[in-house]
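Visitor: how does the following fold in three dimensions:
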Amino acid sequence: MTNWPTLQNAIPVTKARSKLGQLAAAAQDDKYFLLTNRGKPEAVLVDFNFWKKTLESLQKVYQKTYIDPALVPNTRIFSNKEISQWEKEDKI
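Guide: Residues are numbered from 1 along each chain as shown. Presented below is the predicted three-dimensional model:
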């Protein structure tokens, strides 16, 4: 897996526009380019197959939770009121 974005692969959007074709060709396997706008991350240019594999991996683990059987005695059933409150807090 790749590391977090670094200065070596960060490119301002204004500079990336003129060489988008070159960047797209260079974005192979796990090599990517972080596009920035005024120094802040805005988008990532990444190889399509790498992106597809990443999404497939996320779908496999999405909403899956491991519960250690030794912790089951320490758990409880949450009320609908508690769950409703968490859902309100979690909305973006």
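
Visitor: what about the strands in the protein?
Guide: According to DSSP state E, the chain carries its strands in the segments 10-12, 32-37, 40-46.

Visitor: what comes into contact with the second one?
Guide: Yep, that's strand 32-37 we're talking about. With Cβ atoms under 8 Å, 6 or more residues apart in numbering as the test, strand 32-37 has contacts from 2, 5, 9-13, 16, 23, 26-27, 41-47, 50. C-beta: built from backbone N, CA, C; applies to glycine.

Visitor: deepest of the strands of the chain, which one?
Guide: Stretch with highest mean neighbour count among the strands of the chain: strand 32-37 (a mean of 18; mean count of other Cβ atoms under 10 Å).

Visitor: taking the mean pLDDT, what do you get for that one?
Guide: Mean per-residue pLDDT for strand 32-37: 94.

Visitor: would you list the strands of the chain in TSV and tack on distance to Pro69?
Guide: Below are those laid out as TSV (distance: least, Cβ to Cβ, whole Å):
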stretch	distance to Pro69
strand 10-12	45
strand 32-37	40
strand 40-46	39
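
Visitor: I'm done for today, thanks for sticking with me.
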